[in-house]
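**Student:** missing the sequence, but the structure's below:
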C-alpha cells in the first residue's frame, strides 16, 4: 500500500514540477531553469544525506556497469523534455503522453530483462492495458 501511495505522490510531484519549470523558463531559459532545478535537487539531497544517511558518497562509483551513473544526465534531459512538451501541448496532454511512454518503456524493460531487471514473460493483459492507455490518448484528444 505504501508503494502505491508513494507512486501517486510521485506522479503529482512530476506534474506540478513540470508546470513550475515551464513557468521558470519564461523568466530565464530552458537550460538556466534546468540547471537551477538540478542544483536545488543536489542541495536538498546533500542536506538529507547529512542529516539522515551519512553513507559513503563515493560508494556510487562502485556500481557496475558504469553506464548506470548516467541518471543525472537523463535527469537533465527529462527536465528539458518535460518543459518543452508542456510548452507545446499544455500540462494535461504532455503528462498523458509522458505517462504512456513511461508505461511502454517500463514494460519493454521488464519484458526483455534490460539493465539488470528480472525478465518477465509476455502477458496479453499488459499489452491490452497498453492499448487502452493509447486509446485514452485518442479519447483525450478527441474534439
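**Tutor:** Everything's here; your move. Since the model is a prediction, treat every value here as computed from it, not as a measurement. Numbering: from 1, shown residues only.
**Student:** helix or strand for residue 14, which one?
**Tutor:** Assessed by DSSP states H and E, residue 14 sits inside helix 2-25.
**Student:** elements contacting that helix?
**Tutor:** With contacts defined as 3 or more C-beta pairs under 8 Å, 6 or more residues apart in numbering; DSSP states H and E, the packing partners of helix 2-25 are helix 30-48, helix 71-89, helix 91-112. In this view, the C-beta of every residue, glycine as well, is placed from N, C-alpha and C.
**Student:** Over the first one, what's the mean pLDDT, rounded is fine.
**Tutor:** What it means is helix 30-48. The predicted model assigns helix 30-48 a mean pLDDT of 96.
**Student:** Pull the distance from it to the chain's centre.
**Tutor:** When C-alpha coordinates are averaged (C-alpha atoms, centre = their mean, to the nearest Å), helix 30-48 and its chain have centres 15 Å apart.
**Student:** what does stretch 98-108 give?
**Tutor:** With C-alpha atoms, centre = their mean as the basis, stretch 98-108 stands 10 Å off its chain's centre.
**Student:** which of the residues in that stretch are buried?
**Tutor:** 98-99, 107 (16 or more other C-beta atoms under 10 Å).
**Student:** What's the mean pLDDT across that stretch?
**Tutor:** Average pLDDT, stretch 98-108: 93.
**Student:** Repeat that for stretch 117-137.
**Tutor:** Confidence over stretch 117-137 (mean pLDDT, whole number) is 93.
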